[in-house]
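> Need coordinates for the below:
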Amino acid sequence: MTNPTRIDPPLIADEREMLVSWLDFHRATLAMKCAGLTDEQLRERASPPSSMSLLGLVRHMAEVERGWFRRTLSGEDVPPIYYSDANPDGDFDDLDSVTAEQAFETWQHECDLARQAMDRAESLDVTGRKRTHEHSLRWILVHMIEEYARHNGHADLLRERIDGATGE
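Okay, the predicted model is just below:
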């Protein structure tokens, strides 16, 4: 994985630019938390009973990107990547199913497809359906920012445990 570039969101922007900028900021933050680590370090688990790892977080976020932007917003019928009904935590648990490089490529690919889905949406009011509920692009973006922010907090703790690195 190359060293990620993180751009601070603008202080003044319209709503869409602000939301998309914050989402990209949090995506880059997760990448930064993982940068410079070996495959083995990326697979290191948190304290039991948690099975969380940095690699698991990357795989989980690939699933989340895919679910909200491709399935919900775009209405695509795409299967899960890492989990199944029989293994609902496969994104966190089955870390040997792909290399770290493959997992990062998959995550980046899902982020790229999410950006394309956002670009196709005429406004933040465009909706998609998840089960029986409609969700606006605005809601999805706010939720994704929250999802990344929460998991970036987990990534902070995991990274500090691995090599002592701290920071934003």
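
> Name the helix or strand for the residue nearest to the spatial centre of the chain, please.
Centrality entry for the chain: nearest residue to the mean C-alpha point is residue 61, 2.9 Å, by CA atoms, centre = their mean. With elements taken from DSSP states H and E, the one containing residue 61 is helix 54-65.

> coming back round to it: regarding the closest residue to the residue nearest to the centre of the chain other than its chain neighbours, what are the backbone dihedral angles?
Nearest residue to residue 61, sequence neighbours excluded (CB to CB, 6 or more residues apart in numbering): residue 107, at 6.0 Å. C-beta coordinates here come from the backbone N, C-alpha and C atoms, glycine included. Note on residue 107: its backbone torsions stand at phi -60, psi -50 [degrees, to the nearest 10].

> My read is that residue 107 contacts residue 63, right?
No. With contact defined as CB atoms under 8 Å, residue 107 does not reach residue 63; the gap is 9.2 Å.

> who has more neighbours, those two?
Relative neighbour count places residue 107 above the other of residue 107 and residue 63, with 26 against 19, counting by other CB atoms under 10 Å.

> Just want to check the distance between the more buried one and residue 70.
Per CB to CB, to the nearest Å, residue 107 is found 13 Å from residue 70.

> What of residue 160?
Distance from residue 160 to residue 70, by CB to CB: 33 Å.

> Contacts only, for residue 147.
Going by CB atoms under 8 Å, 6 or more residues apart in numbering, residue 147 touches 61, 64.

> again, but for the one 4 residues further on
Residues in contact with residue 151, defined by CB under 8 Å, 6+ apart, are 30, 57, 60-61.

> go on, residue 162?
37, 41, 44, 54.

> Can you lay out those as JSON lines showing neighbour count and distance to residue 9?
Supplementary listing: the contacts of residue 162 in JSON lines, determined by neighbours: other CB atoms under 10 Å; distance: CB to CB, whole Å:
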{"residue": "37", "neighbour count": "20", "distance to residue 9": "26"}
{"residue": "41", "neighbour count": "17", "distance to residue 9": "29"}
{"residue": "44", "neighbour count": "18", "distance to residue 9": "30"}
{"residue": "54", "neighbour count": "24", "distance to residue 9": "23"}
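
> Could you tell me which of those belong to helices?
Under the assignment DSSP state H, the contacts of residue 162 contribute 41, 54 to helices.

> In the contacts of residue 162, find the pair that's most separated.
37 and 44 (8.7 Å; CB to CB).
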